[in-house]
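[1] need a structure here:
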Amino acid sequence: MVDIIIVLIVVVLLGFALKGTFKHMKGESPCCGGGGGSIVLDIPDKKLDNPVLGKKVLKISGMHCEHCAKAVTEAINKIDGASAKVKLSENEAVVSYDRELDEEQLKRIVKDVGYRVVSIK
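    Below you'll find the model as predicted:
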């Protein structure tokens, strides 16, 4: 009898965990403290000091909501000479730069906030 109760408790807990995971992946949960999938955050554009030399497109995995996009944007914008615009629907960040950027530094910055750079073009 005790075994049946334990199994039922585990099944119920697993059900809640799966429900939360599915909501998170569909952007319906308060991902990263966001409060909902329909929130659009105001992320100010970073102005570069010098003329833009070029752009790099970073494909990023792991972003699920506007708060994820904001975290990536703010992290990249901390780099001198770099300005990011994150497109959540494309899972990418377009990084404009006014001086040469180290691609390994870009990958490390994105990884430090919890995401992974899949490719850089």
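[2] from here on, contacts and neighbour counts on C-alpha atoms
    Fine.
[3] Do you have the helices of the protein handy? List them.
    For the chain, helices defined by DSSP state H occupy the ranges 2-25, 66-77, 103-112.
[4] which strands and helices sit next to the longest one?
    So that's helix 2-25. Contact partners of helix 2-25 among helices and strands, from 3 or more Cα pairs under 8 Å, 6 or more residues apart in numbering; DSSP states H and E: none.
[5] and the helix or strand of the chain with the lowest mean pLDDT, how far from the chain's centre?
    Between all helices and strands in the chain, the lowest mean by mean pLDDT, DSSP states H and E belongs to helix 2-25, at a mean of 85. Mean-position distance between helix 2-25 and its chain equals 27 Å (Cα atoms, centre = their mean, to the nearest Å).
[6] For that helix, C-alpha coordinates in CSV please.
    Taking C-alpha atoms only, helix 2-25 is exported to CSV below (Å, rounded to 0.1, in the frame of the first residue of the first chain):
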residue,chain,number,x,y,z
VAL,A,2,2.8,2.4,0.9
ASP,A,3,4.5,1.7,-2.5
ILE,A,4,1.3,2.7,-4.4
ILE,A,5,1.1,6.0,-2.4
ILE,A,6,4.7,6.8,-3.2
VAL,A,7,4.2,6.0,-6.9
LEU,A,8,1.2,8.3,-7.0
ILE,A,9,3.0,11.1,-5.4
VAL,A,10,5.9,10.8,-7.8
VAL,A,11,3.5,10.7,-10.8
VAL,A,12,1.7,13.9,-9.6
LEU,A,13,5.0,15.7,-9.1
LEU,A,14,6.2,14.6,-12.5
GLY,A,15,3.0,15.9,-14.0
PHE,A,16,3.5,19.3,-12.5
ALA,A,17,7.1,19.4,-13.7
LEU,A,18,6.2,18.5,-17.2
LYS,A,19,3.3,21.0,-17.3
GLY,A,20,5.7,23.8,-16.2
THR,A,21,8.3,22.7,-18.7
PHE,A,22,5.9,22.8,-21.6
LYS,A,23,4.5,26.2,-20.6
HIS,A,24,8.1,27.5,-20.3
MET,A,25,9.1,26.3,-23.8
